[in-house]
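Asker: Take this sequence and fold it.
(chains A and B)
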Protein chains: 2
Amino acid sequence: LGNYLNTVMNQETANSSIGPRRKVGILGGGQLGLMLCQAAIDWDLDTYILDQSKDYPAAGICKHFTEGNFRDYNDVMSFGKELDLITIEIEDVSLEALYDLEKMGKTIHPKPSALATIKDKTLQKKYYKDKHIPTAPFIVFEDKQALISFLENNSEWLPCIWKNALGGYDGKGVKKITSLEEAMLLPDVKCLIEELVDIDKEIAVIAARNANGDIRCFDTVEMDFHPQANLVEYLISPSSVNDIQKATAKQIAVELIDSLDICGLLAVEMFLTKDNEILVNEVAPRPHNSGHHTIEAAFTSQFQQHLRGILNLPLGDTTAKYCSIMVNLLGEEGHSGPVQYEGAGEVLSIAGVYLHFYGKSETKPVRKMGHATILSDNMDDAKSKASKVKSLLKVISV
Amino acid sequence: LGNYLNTVMNQETANSSIGPRRKVGILGGGQLGLMLCQAAIDWDLDTYILDQSKDYPAAGICKHFTEGNFRDYNDVMSFGKELDLITIEIEDVSLEALYDLEKMGKTIHPKPSALATIKDKTLQKKYYKDKHIPTAPFIVFEDKQALISFLENNSEWLPCIWKNALGGYDGKGVKKITSLEEAMLLPDVKCLIEELVDIDKEIAVIAARNANGDIRCFDTVEMDFHPQANLVEYLISPSSVNDIQKATAKQIAVELIDSLDICGLLAVEMFLTKDNEILVNEVAPRPHNSGHHTIEAAFTSQFQQHLRGILNLPLGDTTAKYCSIMVNLLGEEGHSGPVQYEGAGEVLSIAGVYLHFYGKSETKPVRKMGHATILSDNMDDAKSKASKVKSLLKVISV
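Answerer: Model prediction:
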């Protein structure tokens, strides 16, 4: 038995090694892919990115860039068949290819089966219901006609939140519907409607898990949304919710990452209702906007933690070192074209401010062009610095 | 006057802007160039590297790599003439080219005149003497014959430290000479000999300065050297020297960076003698091995600070957040060939350990292949973790 265990442990060690012979493929080369590659540089991992243009953020710093469409079966197959390990920075990828690569013996994190559940918001919601995970009441419709017929007979559901089953991110594919007329204007797609929830706060927990089944969570954070763009504007860590609420939120994240059998990260966005209920809004099995502050504010960044999870390494310490606020840097209204960052010099004179520009060559209104993280020993100071950053730093065109 | 000041301020702002149109050239693509480029990614700077092979560490992550020799006049000229701003990761570059690029109006940091003083160790030592900066007594020789003649008549100088005037780094070009016979075996070069100092501790301060003349220093650190390789083995921050000694060391660093008119970093290595004197050993006008811990242990990393200095941005907060120890990861004796990192998985289970592998494809004995930084609230814990890292993590060949 001793020898057998040694063999198993040696295989385990070999599988979880890092260095230049460790090929890691990432579907998607946007800012999440960029920051994953930044984390991978420290461990000399052999990073491969598949995305449509070599002008995208991650293309310049990954080791190997392949031009192609991560939604296309053939592109993903030819990209993935040379790799050991494949992960994602976006859910909307060719699931069929990932299933086939998994059959070929490739390690895919998150697993295609988990991704299938998450990618389709109607399946995601049904999953919560099946697993008794609290979420807002909802109804699924195969197409627009079914939705309209329902609303004609059940007007008490209005107003409600409409969600496209597929393809939504950063608030796209999500809409508040107040009337039948508005519903008529929606695209003809598989969708769901959700009861409007009386939201006190939007919070999130990022959990991480490795193949050994170890799980760790980052602190519960709190999000302030940009009123027009439905994008996170300020991210506050730690959240001001109480300890019981934090523990409940973490417990939900742990249950979900475990039952979905995910290695790497699972970001869980939740509502704290005015009735003091915590409801899951949606999840993402990858690094997430609600974890950018961890680069400077936690002992382990979410990006390194994702790598640890997918490589089956010991998970890193998630302790927060500071109060922090993350500000998304969105393209200013009225500006489209080659980007410039106005006010960066002034902002860098403020102690505890960290800038991350994503290297997108063109800005447009409300496009995510970067983020700033503000660290402080106390939240009031962090908030006052965050509002200075917000007013001084503008993403404009040349 | 108001308009004039506005114009000046706008120019200043334009000159200190960051973003994709800010071209920064770096002579040298080793690990220091790599970590400078890593810092530059966050600010979306347009990085250019000149070095001999696209297999070198920084080549894969800079925006533009030029194959060439940074010691060659023509290579540096054709590289530099397209850029706004040029810096170095190594002193041994074509000074003539930098002087000519400066005449063309390019911004060069460190300035060629400062680099000329530092690059030649005999000029460096004379500079200390002229400026009344404490340093060990020394004598300069134009060639080996002059050295031998001197030692034949002044044997009381033996044993002593011999230094090649040019081209030494990482302990190369530095040798302890105990006899005339040993001196006979030295290369025939311009050189100096230095009185042997009774060293209590080797310490270092990294200062930073921008074109506005602002200066900030990182905490005084303490170095333990590898007995064979003469490379830093453990770097301890903060040093255990007393507050007066720390203040003296910082004062020396501030005087030097100011009088040398350097923008960016100046790393100042010093001896604390058993007589409680602080003597300057040597300086480097660039990021330095004695500052790697700042990536995780200080609010601003030395690499970001160098960028701030050369871009004339406000200097960052140099406060140390933790006790830290930096361990150089050197190639194991008896191993030459494609690198692998043994024990990385185990080491990553220790909280507060950060690994940096430099992406060199081939290891050889005592080659600098990476470093590990250990953070802790107390130095005893950091030391015990550092010794675990040292014993678990091995850089070997496949």
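Asker: Tally up the residues packed near A:Gln31, please.
Answerer: Neighbour count for A:Gln31, taken as other CB atoms under 10 Å in any protein chain shown: 24. All C-beta atoms are positioned from the backbone trio N, CA, C, and that covers glycine.
Asker: So for it, what's the nearest residue that isn't a sequence neighbour?
Answerer: A:Tyr358 (4.1 Å; CB to CB, 6 or more residues apart in numbering or on different chains).
Asker: Compute the number of surrounding residues for A:Asn212.
Answerer: So A:Asn212, with other CB under 10 Å, has 13 neighbours.
Asker: Got the phi and psi for the closest residue in space to it that isn't next to it in sequence?
Answerer: Nearest residue to A:Asn212, sequence neighbours excluded (CB to CB, 6+ apart): A:Asn312, at 6.4 Å. When read as degrees, to the nearest 10, the backbone of A:Asn312 gives phi 50, psi 50.
Asker: Equivalent analysis for A:Val389, please.
Answerer: phi -60, psi -50.
Asker: residues touching it, list them.
Answerer: A:327, A:347, A:350, A:353, A:372, A:374 (CB atoms under 8 Å, 6 or more residues apart in numbering or on different chains).
Asker: Quick check: residues of the stretch 51-200 of chain A near chain B?
Answerer: For the stretch 51-200 of chain A, the contact set with chain B under CB under 8 Å from any CB of the partner chain comprises A:60-61, A:63.
Asker: Looking at these, state which has the most neighbours.
Answerer: Neighbour-wise, these (other CB under 10 Å) top out at A:Ile61, 25 neighbours.
Asker: can you tell me the helix or strand for that one?
Answerer: Using DSSP states H and E, no element contains A:Ile61; it sits outside every helix and strand.
Asker: That one against A:Ile41, yeah?
Answerer: Yes. Using CB atoms under 8 Å, A:Ile61 is in contact with A:Ile41, at 7.2 Å.
Asker: Pull up the overlap in contacts between these two.
Answerer: Common neighbours of A:Ile61 and A:Ile41 (CB under 8 Å, 6+ apart) are B:Ile61.
Asker: Stretch A:206-225: end-to-end distance?
Answerer: 18 Å (CA to CA, to the nearest Å).
Asker: Next, the buried residues of that stretch.
Answerer: A:206-211, A:215-223 (16 or more other CB atoms under 10 Å in any protein chain shown).
Asker: Might you name the residue of the stretch 1-150 of chain A sitting closest to chain B?
Answerer: Closest contact between the stretch 1-150 of chain A and chain B, by CB to the nearest CB, is at A:Asp44 (3.8 Å).
Asker: I'd guessed that residue sits against A:Ile18; true?
Answerer: Yes. Applying CB under 8 Å as the test, A:Asp44 and A:Ile18 come out as touching, 7.2 Å apart.
Asker: more neighbours, those two?
Answerer: Neighbour tally, A:Asp44 and A:Ile18, criterion other CB under 10 Å: the higher count belongs to A:Asp44, 27 against 23.
Asker: Relative to A:Ala40, how far out is A:His64?
Answerer: For A:His64, the distance to A:Ala40 equals 12 Å [CB to CB, to the nearest Å].
Asker: Between those two, tell me which one has more neighbours.
Answerer: Shown here are A:His64 and A:Ala40; by other CB under 10 Å, A:Ala40 has more neighbours (23 against 16).
Asker: Surely that one and A:Tyr48 touch.
Answerer: No. Using CB under 8 Å, A:Ala40 makes no contact with A:Tyr48, being 10.4 Å away.
Asker: Could you name every residue contacting both of those two?
Answerer: Counting by CB under 8 Å, 6+ apart, the residues touching both A:Ala40 and A:Tyr48 are A:Val24.
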